[in-house]
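> Here's my sequence, what's the structure:
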Amino acid sequence: MHLFEPLTIRDVVLRNRIAVSPMCQYSSTDGYANDWHFVHLGSRAVGGAALVIAEASAVLPEGRISPEDLGIWSDAHIPALSRITDFIHQQGSVAGIQLAHAGRKASTARPWEGTGPVTEAQGGWELVVAPSAVPFAPDYPVPVALDEAGIEQVVRAFADGARRAKEAGFRVVEVHAAHGYLLHEFLSPLANQRTDRYGGSFENRTRLLREVVRAVQQEWPERYPLFVRLSVTDWVEGGWDLEQSVELARELKTLGVDLLDCSSGGQLPGVPIPVGPGYQTPFAERIRKSTGILTGAVGSITSATQADHIVRTGQADLVLLARPLLRDPYWPLAAAVELRAPRTLAGTIPAGQTLVSEDTDGLSNRRPFQRFSACRGTGGRRVACRVGRTHFLRSIRLRQPARGHCRLPAHSLWSSDSGSRTGPARFDFSNRLRR
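Below is the predicted model:
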């Protein structure tokens, strides 16, 4: 395995192992996506990431971290999200979304506007819920402990969120059970002090997450992947830890979860965490090797060689990047050049349109041609051209949308030196977009 090797999960093919980690943008009004989200997510797809995951999207209005969080609690949210997923898929990337409920950390200020809760006059709300009436911090409100009716509402909301994600065109759903938010609160004894069937034992504390996963699966297409983001440890003695995460991973794999996105922390404020390059990657490696489930590594992964090493050494199957992609949406393209990955072209080729060779490193705009593969795309066929040794691609003009196997005319190919035409070549149009 390597960073630019495709990854197939169910019926979804990721063109490389680079994913955009969900990052809160604090830029919504009433949960609606807007041009900010279109540009933020769309530019990372243009930049070459295989999977672009939208931020923690609240399944209930009171489940937002801040009043400006993205939401998916209403069918009215679907059209704006569909516009984004359509664009992401046109770039050859896969659109994903994280379904979330903030629990006792809800109704708080945007980071640049301070910390702690916001009032109703500031757009906040009074109903903050949790497994137990234990506040996150002294200056946070005491949450309302969910009763079983409230728990059932949360489970249904996650399922409804998955249905809306499907209707909006997303092809990956991630359930957020990390960073001290509601599902993580139920997992951890630090926040969960219940004495009913949702508290106490490991089985009881993990019950809500298992119920959410099952409910989401009822609404989510079997052909599409289901991820779970997990805080593998609270970094606090007596809290949630690695050994419990390994056991939970085994259960989630049995339930049909495809990949565990391995993060950590967030349950309590002020906890010392040994942050350093790839500091959470050992969690992904341990869970992957102990359970056989696919894992994603996240946290302080900054360089192409570091990301490639994580994949090559079997520490994780996917690398999720946040800050590096905020700084540079085209990080994957630069990484491809640095690692000398096979170059491809990607675009939609309707009838009569010409695809001209491009180059990611600024050298000649004629590249050796080896393989031409395609998968379905809106308005034509999505294609990728992979470099090889025989011919140089100059341009390809199709009289009709590409499908099946076909032979393109001789004038489509040009030699490297004289520009003279070569003989006809056979092109393989498959349902896999290669990277």
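> Now that T108 has come up, it's in contact with T115, right?
Yes - with contacts defined as CB atoms under 8 Å, T108 counts as touching T115 at a distance of 7.3 Å. Every C-beta, even on glycine, is put in place using the N, C-alpha and C of the backbone.
> Between these two, which has more neighbouring residues?
More neighbours surround T108 than the other of T108 and T115, with 23 against 12 (other CB atoms under 10 Å).
> check contacts around that one.
Contacts of T108 were listed using CB atoms under 8 Å, 6 or more residues apart in numbering, and they are I65, S66, A102, T115, G116, P117, V118, G124, Y140.
> rerun at 7 Å
For T108, the contact set (CB atoms under 7 Å, 6 or more residues apart in numbering) comprises I65, S66, G116, P117, V118.
> ok, how many other residues are close to the third one?
To tie it back to what came earlier, the one meant is G116. Residues contacting G116 under the criterion other CB under 10 Å number 13.
> How much space separates it from P269?
Computed as CB to CB, to the nearest Å, the G116 to P269 distance reads 10 Å.
> repeat for the second one
Separation of S66 from P269 (CB to CB) stands at 17 Å.
> Show me which of the two is the more surrounded one.
Between S66 and P269, counting by other CB under 10 Å, S66 is the more crowded of the two (22 against 13).
> what's near enough to touch that one?
Y26, T108, A109, R110.
> Which residue ranges of the stretch 51-200 of the chain form strands?
Listed in chain order, the strands of the stretch 51-200 of the chain (DSSP state E, counting those that start in this stretch) span 51-58, 94-100, 129-130, 144-145, 172-177.
> JSON lines for those, including mean neighbour count and distance to R164?
Rendered in JSON lines, the data for the strands of the stretch 51-200 of the chain read as follows (neighbours: other CB atoms under 10 Å; distance: least, CB to CB, whole Å):
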{"stretch": "strand 51-58", "mean neighbour count": "28", "distance to R164": "9"}
{"stretch": "strand 94-100", "mean neighbour count": "28", "distance to R164": "9"}
{"stretch": "strand 129-130", "mean neighbour count": "24", "distance to R164": "21"}
{"stretch": "strand 144-145", "mean neighbour count": "16", "distance to R164": "26"}
{"stretch": "strand 172-177", "mean neighbour count": "28", "distance to R164": "10"}
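> excluding its backbone neighbours, what's nearest G199?
Using CB to CB, 6 or more residues apart in numbering and skipping the chain neighbours, the partner closest in space to G199 is N192 (5.1 Å).
> Now the residue nearest to W73 when sequence neighbours are not counted: phi and psi?
Counting by CB to CB, 6+ apart, W73 lies nearest to L60, which is 5.2 Å off, once chain neighbours are set aside. In terms of degrees, to the nearest 10, the main-chain angles of L60 are phi -140, psi 150.
> Am I right that L60 is in contact with H101?
Yes - using CB atoms under 7 Å, L60 makes contact with H101 at a distance of 6.3 Å.
> which SSE is P282 in?
helix 281-291 (DSSP states H and E).
> For that helix, output the C-alpha coordinates as PDB.
Once side chains and other backbone atoms are set aside, the C-alpha atoms of helix 281-291 remain, and they are given as PDB (Å, rounded to 0.1, in the frame of the first residue of the first chain):
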ATOM      1  CA  THR A 281      -1.400   7.200  14.700                       C
ATOM      2  CA  PRO A 282      -0.500   4.400  17.200                       C
ATOM      3  CA  PHE A 283      -4.200   4.200  18.100                       C
ATOM      4  CA  ALA A 284      -5.200   3.600  14.500                       C
ATOM      5  CA  GLU A 285      -2.400   1.000  14.200                       C
ATOM      6  CA  ARG A 286      -3.300  -0.900  17.400                       C
ATOM      7  CA  ILE A 287      -7.000  -1.100  16.500                       C
ATOM      8  CA  ARG A 288      -6.300  -2.100  12.900                       C
ATOM      9  CA  LYS A 289      -4.000  -4.900  13.900                       C
ATOM     10  CA  SER A 290      -6.100  -6.100  16.800                       C
ATOM     11  CA  THR A 291      -9.500  -6.200  15.100                       C
END
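> Show the average pLDDT along it.
Mean pLDDT, taken over the full extent of helix 281-291, equals 98.
> residues in contact with the helix or strand that comes right after that helix?
Beyond helix 281-291 in the direction of the C-terminus, DSSP H and E gives the next helix or strand as strand 294-298. By CB under 7 Å, 6+ apart, the surrounding residues in contact with strand 294-298 are 9, 19, 21, 258-263, 280-281, 284, 287-288, 310, 315-320.
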